[in-house]
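# Predicted model and sequence follow; I will ask about them next.
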Amino acid sequence: MRLVPFFILLLLFGCDSNRVFERYEEFKDKAWKIQEPAEFEFTISDVSKKYNVLYNVRNSLDYPYARLFIEYTLSDSAGAVLSKKLLSNYLFDQKTGRPLGRSGLGDVYDHQFLLLQNQSFQTAGVYHMRLEQFNRLDTLTGILAIGVRVETVEME
């Protein structure tokens, strides 16, 4: 009986062996305010591998637009900017208004978008990812959380 919790934990963590880092920042009042960028720190220990860096969005049907504009900034532990870009991704079909993404709870949808593919990190250490909403509105209602995921790329 004492091994049952161990096996449950093994199953939970063993299902996603490529994940290096994944975390969400939830927003109060179910809205992403322009003055509240989401910031994440993750550690890369193996520079011989390549990584995919993705961002996650959790939204409700209250989000009033089809697209979300974000600007990301990836920097190293010294603060040097390694990559910065403005992106636009659809959360809803632009013609039908049908929500895209995966739904697990009623009107809540999860999306995952690729930021960097096959990214090489030159040095082991701590890296910083900053996500800012760039819809140019003070408050984006219906954005419940933003997250970052870093995963190793499987070599064939």
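Now that the structure is in, tell me what you want to look at. Numbering: from 1, shown residues only.
# Could you list the low-pLDDT ranges of the protein?
By pLDDT under 70, the low-scoring segments of the chain are 1-15, 156.
# mind listing the helices in it by residue range?
In order along the chain, the chain carries the following helices (DSSP state H): 4-14.
# OK, contacts around the nearest residue to residue 35 once chain neighbours are set aside?
Once flanking residues are discounted, residue 35 sits nearest to residue 138: 7.9 Å by C-beta to C-beta, 6 or more residues apart in numbering. Any C-beta I mention is one placed from the backbone N, CA and C, and that applies to glycine too. Contact partners of residue 138, counting by C-beta atoms under 8 Å, 6 or more residues apart in numbering, are 33-35.
# Residue 138 and residue 125: what is the separation?
35 Å (C-beta to C-beta, to the nearest Å).
# for residue 20, same thing?
Taking C-beta to C-beta, one finds residue 20 at 13 Å from residue 125.
# ok, those two, which is more surrounded?
Neighbour totals were compared for residue 20 and residue 125, and residue 20 leads with 17 against 13 (other C-beta atoms under 10 Å).
# Can you verify my assumption that the more buried one contacts residue 53?
No - the pair residue 20 and residue 53 fails to qualify as a contact (C-beta atoms under 8 Å) at a distance of 9.6 Å.
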